[in-house]
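Novice: Structure, please.
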Amino acid sequence: MNHILIVDDEAEIRDSLESILSEEGYAVTTAATAGEALTLLADASYDAVLLDVWLPDRDGLDALADIRQMDSAHLPEVIIISGHGTIEAAVRATKLGAYDFLEKPLSLDRTLIVLKNAISARRLREDNREFVRQLSFRACVTGNSVPMKALRQQIKLMAPTNGRVLIYGESGTGKELIGRAMHAESLRKDRVFVELNCAAIPEDHIETELFGYRRGAIAAGPGTPAEKRGTFERADGGTLFLDEVGDMSLKTQARVLRALDEQRFLPVGATQPVHVDVRVIAATNKDLEEEIARGNFREDLFYRLNVIPFFVPPLRERKEDIPELVKEFLQEFGAQYGRPHVEMHPDALDALRQYHWPGNVRELRNLVERVLILNPKTLRIERRHLPTLVARDGARSGARAEEFSTLQEAREAYERDYILKKLDECHGNVSRTAEALGLERSHLYRKMRALGVTVKE
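Specialist: You can find the predicted model right below:
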């Protein structure tokens, strides 16, 4: 059943639309103000919103802008309705992302047609997003290298359990997609999957994002919901994915630890605890044991999360999978841009295999898309079509002595490759790499910056 939200300050219009749409088989919720509507949208998923322009607390078009910016992968289509319609208002609504603009008094037939088309458009958008997500996940587990075979086997073993999982991996390796895959194969697959990037939330907001707040707990400004459910509450019965969990403060870690232990928590401003049943899958690109030693991460929380450790290999450790990944990305973007027969020259593939890939699979995918866009008439991608850094580093790895113009250039090339090799052996841990090289950590950082080696490499 499709869920519709009606936002209008006139009770007669709300009641009339609710009655008609309910008879048409829609599930209907109503709101009289923009603030009430935003609260409802933060708490539940809707297929479409009928939004009036003139609302008592704020302009409907301003509310539309807030809706379009909400952090949700399932935003509804918004249809603006107004009794004071102008061309300027319609143009502005369209620019802000409205699906359509209807003038009052509403035509019943036109309203139903526009609503049906809006829901179809949203469904198509969702299908396209799911298709892209599936392609992206396939790329994360594509390949016949030993690490990838082990990773696929781990997913099969871990997904059906309720055990907490801690996914280790560098940025761009696909940790969140693997978390989604585990959820899709789990006993909770029919329930919600909620994600929160702990590194992207300001410290003073992270607790309300995790645990929510109740009415009156914070000063609600324009567009701020009077109350909000946190990610723990929204994930009840399903899976909560905590990305970059190593970036949480010690204070927040203490609250998360208690919520995990008790499966209950107290939202900010609440007097009664909320009980939940949540499976937590966490991910990090940090060495949490090293963070514990530094006093930045709680050891007890680490052991709660690290029930099933899961290591996603960086692309540099499975370079034999690059040709298959490239083929998959060429098929994906070839279909998207109407160029299904583009292929990669063996020399270009060799350069890709030699490159160090600090951004991992995400960087490779972006590179393939960029090359296709920048070379619209090319049917065979050659080394010269690749970004300069990739082509140069790929050539450098197999370079002969006579190909360097100066001794300094040859020395830097050797030092760079040697540092990358040691980083590989130490799994990207700079402290261990510095120790292996007999250097102070600060000295190694300076050397890496001078040679263009990033920490993530």
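Novice: Once you drop chain neighbours, what's closest to the residue most central in space within the chain?
Specialist: For the chain, residue 176 is the residue whose C-alpha lies nearest the centre (CA atoms, centre = their mean; 6.8 Å). Closest residue to residue 176 apart from its sequence neighbours, by CB to CB, 6 or more residues apart in numbering: residue 243 at 5.8 Å. In short, each C-beta sits where N, CA and C put it, glycine included.
Novice: From residue 25, how far out is the one you found?
Specialist: 38 Å (CB to CB, to the nearest Å).
Novice: For these two, indicate the residue with more neighbours.
Specialist: Counted by other CB atoms under 10 Å, residue 243 and residue 25 do not tie: residue 243 has more neighbours, with 20 against 8.
Novice: Tell me what the more buried one is bridged to.
Specialist: residue 197 (DSSP bridges).
Novice: Wait, it touches residue 194, no?
Specialist: No: contact criterion CB atoms under 8 Å: residue 243 and residue 194 do not qualify, at 11.2 Å.
Novice: just the strands in the protein please.
Specialist: 3-7, 27-31, 48-52, 77-82, 100-103, 165-168, 193-197, 239-243, 264-265, 274-275, 279-284, 308-311, 343-344, 380-381 (DSSP state E).
Novice: could I get the ones you listed as TSV with distance to residue 124?
Specialist: Listed next are the strands of the chain as TSV, based on distance: least, CB to CB, whole Å:
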stretch	distance to residue 124
strand 3-7	18
strand 27-31	21
strand 48-52	14
strand 77-82	11
strand 100-103	16
strand 165-168	31
strand 193-197	21
strand 239-243	26
strand 264-265	38
strand 274-275	36
strand 279-284	29
strand 308-311	34
strand 343-344	30
strand 380-381	31
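Novice: I'd like those as CSV, with mean pLDDT and distance to residue 150 appended.
Specialist: Shown next, in CSV, are the strands of the chain (pLDDT from 0 to 100; distance: least, CB to CB, whole Å):
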stretch, mean pLDDT, distance to residue 150
strand 3-7, 94, 42
strand 27-31, 91, 45
strand 48-52, 95, 45
strand 77-82, 93, 43
strand 100-103, 91, 51
strand 165-168, 95, 14
strand 193-197, 91, 24
strand 239-243, 95, 22
strand 264-265, 93, 36
strand 274-275, 92, 37
strand 279-284, 96, 18
strand 308-311, 90, 9
strand 343-344, 94, 27
strand 380-381, 93, 31
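Novice: Please, where are all the helices along the stretch 201-350 of the chain?
Specialist: 206-211, 231-234, 250-262, 288-293, 299-305, 322-336, 346-354 (DSSP state H, counting those that start in this stretch).
Novice: For residue 126, which of those helices is the nearest?
Specialist: helix 322-336 (17.1 Å; CB to CB).
Novice: Quick check: which helices or strands does the closest one pack against?
Specialist: Helices and strands touching helix 322-336, by 3 or more CB pairs under 8 Å, 6 or more residues apart in numbering; DSSP states H and E, are helix 108-141, strand 343-344, helix 346-354, helix 360-374.
Novice: Give me the sheet partners of the shortest one and which way each runs.
Specialist: Under the criterion DSSP bridges, strand 343-344 sits next to strand 380-381 (parallel) in its sheet.
Novice: Output the helices and strands packed on helix 322-336 in a markdown table, with distance to residue 263 and mean neighbour count appended to each entry.
Specialist: A markdown table is the format used below for the helices and strands packed on helix 322-336 (distance: least, CB to CB, whole Å; neighbours: other CB atoms under 10 Å):
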| stretch | distance to residue 263 | mean neighbour count |
| --- | --- | --- |
| helix 108-141 | 29 | 15 |
| strand 343-344 | 50 | 20 |
| helix 346-354 | 46 | 18 |
| helix 360-374 | 34 | 18 |
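Novice: and the residue nearest to residue 143 when sequence neighbours are not counted, how many neighbours?
Specialist: In space, and not counting its chain neighbours, residue 143 is closest to residue 321: 2.9 Å by CB to CB, 6+ apart. When counting by other CB under 10 Å, one arrives at 22 neighbours for residue 321.
Novice: Next one: residue 321 from residue 211, what distance?
Specialist: Taken as CB to CB, the span from residue 321 to residue 211 is 40 Å.
Novice: any idea how far residue 319 is from residue 371?
Specialist: 18 Å.
Novice: so where's the stretch 151-300 of the chain uncertain?
Specialist: 219-226 (pLDDT under 70).
Novice: please redo it, this time with the cut-off set to 80
Specialist: 215-228 (pLDDT under 80).
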